[in-house]
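>>> Here is the input, now give the coordinates:
(one chain, ligands or ions: 2)
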Amino acid sequence: MTMDALVRRLPAALTAAAAVVLLAWPAITDFYSYNAAYYNGLVASAAISAILTISLNLSMGYGGLLSMMHTGMQLLGGYAVAYTTVKAGLPWFAGVVAAMLLGAVFSGLVLVISLRATYLYFGMITLAADLIVVEGGNAWDAVTGGINGIVGVTPGGLSKNQFYYVVLAALALVYAAQRNLVRSGVGRAVMAVRESPDTAAALGIRPTRTKAVAFTFSGAIAGLSGGLYALQLGFINPEVGILDNGLVFFVGLFLGGIGTLAGPVIGVAAIAAVVELIKDYARYTTLLLGCTLLLAMMLVPKGIVGTWRAARFGRPPEGVDHEPSGDLPESVLPGAAAPDVPALEGRGLVKHFGGVKAVDGVDIRVDAGSVYGIIGPNGSGKSTTVACLTRFHPVDAGEVLVCGEPAAARPHAVAGQGVTRVFQTPHLFERQSVLDNVLAGMRGREDYGLVSAVLRSPGYRRREAASRAEAAALLAFAGLSGRSEQQAGTLSHGQKRLLEVVRAVASGPRVLVLDEPATGLVPAEIDALARLCRAFRAHGLAVVLIEHNMNFVMDVCDRITVIDSGKVIACGAPAEVRAEPAVLDAYLGRPDLVEEIT
Ligand code: ADP
Ligand code: MG
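Numbering: from 1, shown residues only. Ligands and ions are numbered 1, 2, ... in the order given. As a prediction, the model looks like this:
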C-alpha cells in the first residue's frame, strides 16, 4: 500500500482506536488507577459536552443560527430530569425523554419569536433567552429549587460504570443522528437555507420551516445533554446555564471544525485532555480557552477537521471533464401542462422602486412546450419582471397565473407550483459538493421528514437512492458527472452556471426561468444549455430565457418579448422581432447589440 493510501485511512483507524479505548476505559482505569471513578467521570463529562457541542454544531454550523442559549437549554434539560426523577419519582429515562421534549419546545418557541431576525439579532434573542432561563431558575424556587437547585439526581438502579456506557451510547446515537440528518435531504435543505434563503426558496424549500426543524432538533439534543449532565453531577442548579460555561463548547466547536461531523467530538476531546493536564493550574483554564480560541481562529480557521479535509489527503480527488451524455431523466420531468392553458402568465405587471419604473405594465404569456425569450438593454426591467413572476418582489399592480391558477404568495410556494428560477447573479452553494448542490434542488420533491431521515427509514432510503440516480443522470446530461464529488466553489465559471441550471432542473419544474445563463459560457456549455431547452420543449414544458447572446436566443426561442424601460416594445417570433424598428431603436445606444440582432 502506498503512503498516500495509508494516510487517507488515518481518520478511520483513529476512530476505531478511540472507540476501543472508550469501551475499555472503565477496565483500564480500574486496572491502572486508584481513582478510577474520577477518570471515568472525566470521560463521561467530556462525552456529555460533546453531545451539547454537536447540538451547537447543528444550529450554528449546519443551520447558520447563532445560538447563545445552549447552556440555558442544558440547564432546562437538567431541570426536566431532576424534576421528573426527584420530585415526580419517575425513572431516569423518563426524565431524559422529558429533557429532550423541553429542549425541543423551548428552542421551537425561541425560533418562532425570532423568525424575521437576522444572524446577529437572532444571536441577541438567544442571549436574552439564556438570561431568562437562568434567572427564571434562580427565582422559581418551587420547581427549580432556586439558587441551590435540586440535589439527589441519580440514574436509578444504574451503577456508575453502567451509566458511563449509557452516556457513551447516547453520544454514539447523537453522532449518528447528526450524520444521518446532514447527509439527507433534510440536512441539505438546512444548509441551503443557511447559504441563501432566497436560493432555497427558488428551489421550493421552505426557509422558515427548515430553520425550525434544525433548531428544534438541536434543542432536543441540548436537552438530552443537560439531562445526562444532571444525572452525572447528581444535582442541577442555575450555575450550569450561565454563558461562561458555554465557552468550552464554542472553543471546542471552532477548534474541532464547525460544520463538520467529527469536529465537535474532536474539539471537545482535545480541550478535555488539556484541561485535565493543567488541572493543577486550574485558575488559568479560562485564559487557556481564550488563547486556544484565538489561536484556532488564526491558525486553523477551518478547525482540525476542516483543515484535514482541505489538505492533500483529506480532499476528494480532482474532477475530470466528460462529454455530455444521455437524456434528461424522465423522473425529474413532471407531466406536461395542459397545452391550451399558458404555463406562466403575467398580466399588467407593475413594479416601481421609488421613482424608478422598473416594470411598467408588462404582459407576458408563456405557452407550455415552448422556449420564451426576454431581451432588452441592461436595466430595462427583465430581472425585475422575472422576480415579479416568481413572487420574489411583491407587485404594485397586475396578476400572475401558473397553469391558469393564481400564483401563490411566497417564492417557495410558487416553486412548488412548478416555476423554478435561476438568478442572474451566481447563487451556488459553493461549499457543498457538486452532487449535493443538485440533490438540494430535489428537496422540494422529496416526501420524507426529519424523523425518517434520522432513522433512515426504508422510505427514506428508497427516495435517497432515487434522488442520487436522478442527480447522476442530470450531471451526465450536463457533462459534469466527472466532477460530482468536487466542491462546487472550485468549478470554472461556466460549469458553475451550468450547475445552477442543473440544480434548478432537479426541482422538477414545469417552467424553468433562466436569467442570463449563458454569460461566460464556452460554446460546448452553450450547446448543453440549448439541448436542455429543447428537451424541455419536447416534453411539453416551458423555458423562460433572459439572454444577451443573440445567436443563442434567436436559435433556441419560439417567441421573444423585447422590454425597454419597463415596457414591452415588441413581441413575436424571432424573425418578426428582429425586423421590428422599435427594437433596433432600443438597441441604438448599443451598436454591438444592433450588430448581433440584425
Ligand atoms: P435588467 O435585468 O433588464 O438588466 P433590472 O430588472 O435588474 O434590469 O432593473 C430594472 C431597473 O430597476 C434598473 O433601473 C434597476 O436599477 C432597478 N432596480 C432593480 N432592482 C432594484 C431594487 N431591488 N431596488 C431598487 N431598484 C432596483
Ligand atoms: Mg437582469
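>>> In stretch 283-298, which residues are buried?
Neighbour-count burial for stretch 283-298, counted by 16 or more other Cβ atoms under 10 Å, picks out 285, 288, 289, 292, 293, 296. Every residue, glycine included, has its C-beta placed from N, CA and C.
>>> do the same with stretch 117-124
Buried residues in stretch 117-124, counted by 16+ other Cβ under 10 Å: 117, 122, 123.
>>> Can you say which helix or strand has the last one in it?
The reference is to residue 123. Per DSSP states H and E, residue 123 falls inside helix 119-139.
>>> per-residue confidence averaged over that helix?
Averaging pLDDT along helix 119-139 gives 93.
>>> can you give me the helices in the stretch 201-350 of the chain?
Taking DSSP state H, counting those that start in this stretch to define them, one finds helices in the stretch 201-350 of the chain at 207-233, 247-256, 263-277, 285-299, 303-310.
>>> Let's have the ones you listed in a markdown table, adding mean pLDDT and distance to ligand 2.
Listed next are the helices of the stretch 201-350 of the chain as a markdown table, based on pLDDT from 0 to 100; distance: least, Cβ to the ion, whole Å:
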| stretch | mean pLDDT | distance to ligand 2 |
| --- | --- | --- |
| helix 207-233 | 96 | 23 |
| helix 247-256 | 92 | 39 |
| helix 263-277 | 92 | 39 |
| helix 285-299 | 88 | 38 |
| helix 303-310 | 88 | 35 |
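>>> how about those helices, which one is nearest residue 575?
helix 207-233 (43.2 Å; Cβ to Cβ).
>>> which secondary structure elements does the closest one contact?
helix 36-56, helix 70-82, helix 92-113, helix 160-182, helix 185-195, helix 197-202, strand 235-236 (3 or more Cβ pairs under 8 Å, 6 or more residues apart in numbering; DSSP states H and E).
>>> now the angle between helix 36-56 and the second one, please.
By that I understand helix 70-82. Taking axes from the mean of the first three to the mean of the last three Cα atoms, to 10 degrees, one finds that helix 70-82 is oriented at 120 degrees with respect to helix 36-56.
>>> oh, and call the first residue 136 from now on, that's how I've got it
In the new numbering, first residue 136, that becomes helix 205-217.
>>> Quick one: list the elements packing against helix 205-217.
helix 171-191, helix 227-248, helix 254-274, helix 342-368, strand 370-371.
>>> got these as a markdown table, with distance to ligand 1 columns?
Putting the helices and strands packed on helix 205-217 into a markdown table (distance: least, Cβ to the nearest ligand atom, whole Å) gives the following:
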| stretch | distance to ligand 1 |
| --- | --- |
| helix 171-191 | 35 |
| helix 227-248 | 28 |
| helix 254-274 | 21 |
| helix 342-368 | 19 |
| strand 370-371 | 51 |
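>>> Residue 385: which of those is closest?
Distance to residue 385, taken as Cβ to Cβ, is lowest for helix 171-191 among the helices and strands packed on helix 205-217, at 7.4 Å.
>>> Can I get the closest one as PDB, trimmed to CA atoms?
Extracted in PDB, the C-alpha atoms of helix 171-191 (Å, rounded to 0.1, in the frame of the first residue of the first chain):
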ATOM      1  CA  ALA A 171     -11.000   5.000  38.600                       C
ATOM      2  CA  ALA A 172     -14.300   6.800  39.300                       C
ATOM      3  CA  TYR A 173     -12.600  10.200  38.800                       C
ATOM      4  CA  TYR A 174     -11.200   9.200  35.400                       C
ATOM      5  CA  ASN A 175     -14.400   7.600  34.300                       C
ATOM      6  CA  GLY A 176     -16.300  10.700  35.300                       C
ATOM      7  CA  LEU A 177     -13.900  12.800  33.300                       C
ATOM      8  CA  VAL A 178     -14.600  10.900  30.100                       C
ATOM      9  CA  ALA A 179     -18.400  10.800  30.700                       C
ATOM     10  CA  SER A 180     -18.400  14.600  31.300                       C
ATOM     11  CA  ALA A 181     -16.500  15.100  28.100                       C
ATOM     12  CA  ALA A 182     -18.900  12.900  26.200                       C
ATOM     13  CA  ILE A 183     -21.800  14.900  27.600                       C
ATOM     14  CA  SER A 184     -20.100  18.100  26.500                       C
ATOM     15  CA  ALA A 185     -19.600  16.600  23.100                       C
ATOM     16  CA  ILE A 186     -23.300  15.900  22.800                       C
ATOM     17  CA  LEU A 187     -24.000  19.600  23.600                       C
ATOM     18  CA  THR A 188     -21.400  20.700  21.100                       C
ATOM     19  CA  ILE A 189     -23.000  18.500  18.400                       C
ATOM     20  CA  SER A 190     -26.200  20.300  19.100                       C
ATOM     21  CA  LEU A 191     -24.500  23.600  18.800                       C
END
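>>> picking that back up, deepest in the core, which of the helices of the stretch 336-485 of the chain is it.
helix 342-368 (a mean of 26; mean count of other Cβ atoms under 10 Å).
>>> What's the separation between the residue in the stretch 336-485 of the chain positioned nearest to ligand 1 and residue 534?
Using Cβ to the nearest ligand atom, the single residue of the stretch 336-485 of the chain nearest to ligand 1 is residue 484, 11.5 Å away. Distance, residue 484 to residue 534, by Cβ to Cβ, to the nearest Å: 8 Å.
>>> Show the contacting residues for the residue of the stretch 186-335 of the chain found nearest ligand 2.
Proximity of the stretch 186-335 of the chain to ligand 2 (Cβ to the ion) peaks at residue 333, 15.0 Å away. By Cβ atoms under 8 Å, 6 or more residues apart in numbering, the contact set of residue 333 is 527, 546, 558, 562.
>>> With respect to pLDDT, which of those ranks lowest?
residue 562 (90).
>>> contacting residues for that one?
Contact analysis of residue 562 by Cβ under 8 Å, 6+ apart lists 331, 333, 334, 337, 635.
>>> go again using 10 Å as the cut-off
Listed by Cβ atoms under 10 Å, 6 or more residues apart in numbering, the contact set of residue 562 reads 330, 331, 333, 334, 335, 337, 338, 556, 631, 635, 638, 639.
>>> part of a strand, is it?
No. Looking at residue 562 with DSSP: H, G, I helix; E, B strand; the rest coil, it is coil, so not inside a strand.
>>> one step back: make a PyMOL selection of whichever of the contacts of residue 562 turn out to be buried.
Those of these that count as buried under 16+ other Cβ under 10 Å are selected in PyMOL with:
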select buried, resi 330+333+334+335+337+338+556+631+635+638+639
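>>> Now tabulate the contacts of residue 562 in CSV and tack on pLDDT.
What follows is the contacts of residue 562, written out as CSV (pLDDT from 0 to 100):
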residue, pLDDT
330, 94
331, 93
333, 94
334, 95
335, 96
337, 95
338, 95
556, 94
631, 93
635, 94
638, 95
639, 94
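>>> distance of residue 638 from ligand 1?
For residue 638, the distance to ligand 1 (Cβ to the nearest ligand atom, to the nearest Å) stands at 21 Å.
>>> so that residue touches residue 555, yeah?
Yes. The pair residue 638 and residue 555 passes the contact test of Cβ atoms under 10 Å, sitting 9.1 Å apart.
>>> Need the nearest residue in space to residue 721, chain neighbours excluded.
In space, and not counting its chain neighbours, residue 721 is closest to residue 699: 4.2 Å by Cβ to Cβ, 6 or more residues apart in numbering.
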